[in-house]
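S.K.: Predicted model follows, preceded by the sequence.
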Amino acid sequence: MYAAAQLYDVRLDDNTPISIDDDVERLHLVGSLVPIERQHHKHDVDTYRLLNG
């Protein structure tokens, strides 16, 4: 199955807004809880990716 790249506007548990541009196996409805992984990089930069599951 082809995974389409989608842009998601997500709010973390502390209500911080972030955007995630990722390939996902299925679309998520507005208001859905989605599993994400935080990835910490050099220079205090964090990125996030959606976990398929």
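M.R.: Happy to help now that I have it.
S.K.: can you name the farthest residue from the center of this protein?
M.R.: residue 43 (20.8 Å; C-alpha atoms, centre = their mean).
S.K.: Dihedrals phi and psi, that residue?
M.R.: phi 60, psi 30 (degrees, to the nearest 10).
S.K.: How about the one 5 residues further on?
M.R.: In this entry, residue 48 is assigned phi and psi values of phi -130, psi 150 (degrees, to the nearest 10).
S.K.: Verify the stated contact: it with residue 35.
M.R.: No. Residue 48 is beyond contact range of residue 35, at 10.6 Å (criterion: C-beta atoms under 8 Å). (C-beta placed from N, C-alpha, C; glycine too.)
S.K.: Neighbour count: the two, which is higher?
M.R.: residue 48 (17 against 9; other C-beta atoms under 10 Å).
S.K.: which of the residues in stretch 46-53 are buried?
M.R.: 48, 50 (16 or more other C-beta atoms under 10 Å).
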